[in-house]
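S.K.: The amino acid sequence is not available; the structure is as follows:
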């Protein structure tokens, strides 16, 4: 899973019917301190994540293993909201 | 899913029979403002997208979860046309 | 799918039995003008492609959705031979 | 599989229910000497790995082939703890 | 598939039970001349490959399509030993 930060939202009226009612969040991968880098991508939210949250995203067929993404044409899902990260004895991120 | 811009079309007479009648669009990944970068790739269109549209693409086995791509040898599908993107309170893209 | 150019062939006597009789072509990803860049990779040919052809390749489990690759340990297949590419109103590639 | 080093832990209260009780470890890919580089990612532990261990991680649908990850929305699993690595006749890593 | 060179071996006592008896080889991707570059990764051997061999590796779910890797948590398999590579009329690699 990638550590990622939720930075925005996507509106799409024309879409696969299985996406109706799904929340399409824009995220960016971060390092272990929650600092984003690289290009944004879009993930389906399965855990009621919000803007600014640090989350875990699962990609590929694994993204279809939640109840909201089953048999859906999506390749990224937010499946956890991160409370804290600890690296080599140091708390590198704590949710505020 | 990747945010991508539709930039062109592909003509291929010789192809897997399951691709007959499918629209093969050339797309490039973009950032949250719709600015493309990186190499182009080809995705099957499942939502009647047009040249210039900003779209979402799903990759891998997820690309086969639409009615037009089921059991088809394709690894990328356009499954949504983006109306708008909002990042950190700013509208970074609005479809014209 | 990637736009790729067929640049060579692979001979392998010792291989998974499901690969017997399959054509293992060396390809390189190209841009929308057919100019290759990056490392070569090997794809199974399902459409009788030839050296020098510009083709489309599908990766991952999608590579197993053709009749010649079903249940086979291959992660890339050539599933179309490109006749032409058009980007933003310009023919960027035409098969000679 | 990637050679990776376990560098930390993730705490996430809000997560997919199938992740309850699973250990979410932060890892970084390493070279053949166990030297990490690149961005960290998170993998489910299936072999009781510990901080500092050099491990193997499997990605994608392969990550769901262990008893602890079956049908779970995870795309990376630790499925082995490395004792030693030997490259071109030299022991490049030995677990201490 | 990637063209890769077998450069070493991995010893792992603690591992998923389905990996018992499997050979975990360290490989590096190469170009069409067999020159390695990039980070090493680990692949299961299904064709009795040896150190120094140039091989083909298949990734992802395709890696589980051999008899030795079925239902196993592995994302890379060696499924062919390369005898020779020919690129644009030149033999770029011949097994010695």
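M.R.: Perfect, I can see it now. Just so it is clear, the model here is predicted, and its values are computed rather than measured.

S.K.: Which helix or which strand is home to residue A:9?
M.R.: strand A:2-11 (DSSP states H and E).

S.K.: That strand versus strand B:2-11: what angle between them?
M.R.: 70 degrees (axes from the mean of the first three to the mean of the last three C-alpha atoms, to 10 degrees).

S.K.: what mean pLDDT does strand A:2-11 have?
M.R.: For strand A:2-11, mean pLDDT is 98.

S.K.: Tell me the gap between it and the middle of its chain.
M.R.: Mean-position distance between strand A:2-11 and its chain equals 6 Å (C-alpha atoms, centre = their mean, to the nearest Å).

S.K.: other SSEs contacting that strand?
M.R.: strand A:24-29, strand A:54-59, strand B:84-87, strand D:41-45 (3 or more C-beta pairs under 8 Å, 6 or more residues apart in numbering or on different chains; DSSP states H and E). For every residue, glycine as well, the C-beta is placed using N, CA and C.

S.K.: Tell me where the model's unsure across chain A.
M.R.: For chain A, applying pLDDT under 70 flags no range at all.

S.K.: if we can go back for a sec, check the helices and strands packed on strand A:2-11 for me and report the most buried one.
M.R.: With neighbours taken as mean count of other C-beta atoms under 10 Å in any protein chain shown, the helices and strands packed on strand A:2-11 reach their highest mean count in strand A:54-59, at a mean of 27.

S.K.: is chain B contacted by stretch A:58-68?
M.R.: Yes: counting by C-beta under 8 Å from any C-beta of the partner chain, chain B has neighbours in stretch A:58-68: A:60-61, A:63-64.

S.K.: what's the answer for stretch A:16-23, then?
M.R.: Yes: Stretch A:16-23 is in contact with chain B by C-beta under 8 Å from any C-beta, via A:16, A:18-19.

S.K.: burial count for residue A:51?
M.R.: By the measure other C-beta atoms under 10 Å in any protein chain shown, the count of residues near residue A:51 is 15.

S.K.: quick one: the closest residue to it other than its chain neighbours from residue C:87, how far?
M.R.: In space, and not counting its chain neighbours, residue A:51 is closest to residue A:6: 5.5 Å by C-beta to C-beta, 6 or more residues apart in numbering or on different chains. Using C-beta to C-beta, to the nearest Å, residue A:6 is found at 33 Å from residue C:87.

S.K.: Tell me the strands beside the strand holding residue A:9, with direction?
M.R.: In the sheet, strand A:2-11 lines up against strand A:24-29 (antiparallel), strand A:54-59 (antiparallel), strand B:84-87 (antiparallel) (DSSP bridges).

S.K.: So which bits of whichever helix or strand comes after the shortest one are buried?
M.R.: The element immediately downstream of strand B:84-87 (helix or strand, assigned by DSSP H and E) is strand B:90-94. Within strand B:90-94, the residues that qualify as buried by neighbour count (16 or more other C-beta atoms under 10 Å in any protein chain shown) are B:92-93.

S.K.: and if you look at stretch A:9-16?
M.R.: Those would be A:9-10, A:12, A:15-16, for stretch A:9-16 by 16+ other C-beta under 10 Å.

S.K.: what's the distance between residue A:6 and chain E?
M.R.: For residue A:6, the distance to chain E (C-beta to the nearest C-beta, to the nearest Å) stands at 27 Å.

S.K.: er, residue A:82 actually
M.R.: From residue A:82 to chain E the distance is 25 Å (C-beta to the nearest C-beta).

S.K.: That residue contacts residue A:54, correct?
M.R.: Yes: with the criterion set as C-beta atoms under 8 Å, residue A:82 and residue A:54 qualify as a contacting pair; they are 4.3 Å apart.

S.K.: intersection of neighbour lists for those two?
M.R.: A:3, A:93, A:95 (C-beta atoms under 8 Å, 6 or more residues apart in numbering or on different chains).

S.K.: Could you say which helix or strand holds the residue most central in space within chain A?
M.R.: Centroid-nearest residue in chain A, with C-alpha atoms, centre = their mean: residue A:78, separated by 3.4 Å. Counting by DSSP H and E, the element that carries residue A:78 is strand A:76-81.

S.K.: angle of that strand against strand B:2-11?
M.R.: With the same axes, to 10 degrees as the basis, strand A:76-81 and strand B:2-11 are set at 170 degrees to each other.

S.K.: Could you check the angle strand A:76-81 makes with strand D:41-45?
M.R.: 70 degrees.

S.K.: So what touches strand A:76-81?
M.R.: A:1, A:4, A:6, A:25, A:27, A:41-47, A:49, A:53-59, A:62-64, A:66, A:68-69, A:95, B:1, D:10, D:12-16, D:19, D:24, D:73-74.

S.K.: coming back round to it: list the buried residues in the strand holding residue A:9.
M.R.: Buried-residue list, strand A:2-11, by 16+ other C-beta under 10 Å: A:2-10.

S.K.: Dump those to CSV, plus distance to residue C:31.
M.R.: Putting the buried residues of strand A:2-11 into CSV (distance: C-beta to C-beta, whole Å) gives the following:
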residue, distance to residue C:31
A:2, 28
A:3, 32
A:4, 29
A:5, 31
A:6, 33
A:7, 29
A:8, 29
A:9, 32
A:10, 28
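
S.K.: Go through stretch A:59-75 and flag the buried ones.
M.R.: A:59-66, A:68-69, A:72-75.

S.K.: Could you pull up phi and psi at the closest residue to chain C within chain A?
M.R.: Among all residues of chain A, residue A:61 sits closest to chain C, at 7.6 Å; criterion: C-beta to the nearest C-beta. Dihedral pair for residue A:61: phi -60, psi -20, per degrees, to the nearest 10.

S.K.: pretty sure it is in contact with residue B:61, am I right?
M.R.: Yes: contact criterion C-beta under 8 Å: residue A:61 and residue B:61 qualify, at 4.7 Å.

S.K.: shared neighbours of those two, anything?
M.R.: Shared contacts of residue A:61 and residue B:61, counting by C-beta under 8 Å, 6+ apart, come down to C:61, D:61, E:61.

S.K.: Return only those of these found close to chain A.
M.R.: Applying C-beta under 8 Å from any C-beta to the shared contacts of residue A:61 and residue B:61, those adjacent to chain A are C:61, D:61, E:61.

S.K.: Same list, those residues, but as TSV with distance to residue D:37 please.
M.R.: Formatted as TSV, those follow (distance: C-beta to C-beta, whole Å):
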residue	distance to residue D:37
C:61	29
D:61	26
E:61	27
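
S.K.: which non-adjacent residue is nearest residue A:31?
M.R.: Residue A:31 sits nearest to residue D:39 (C-beta to C-beta, 6+ apart), 6.0 Å away.
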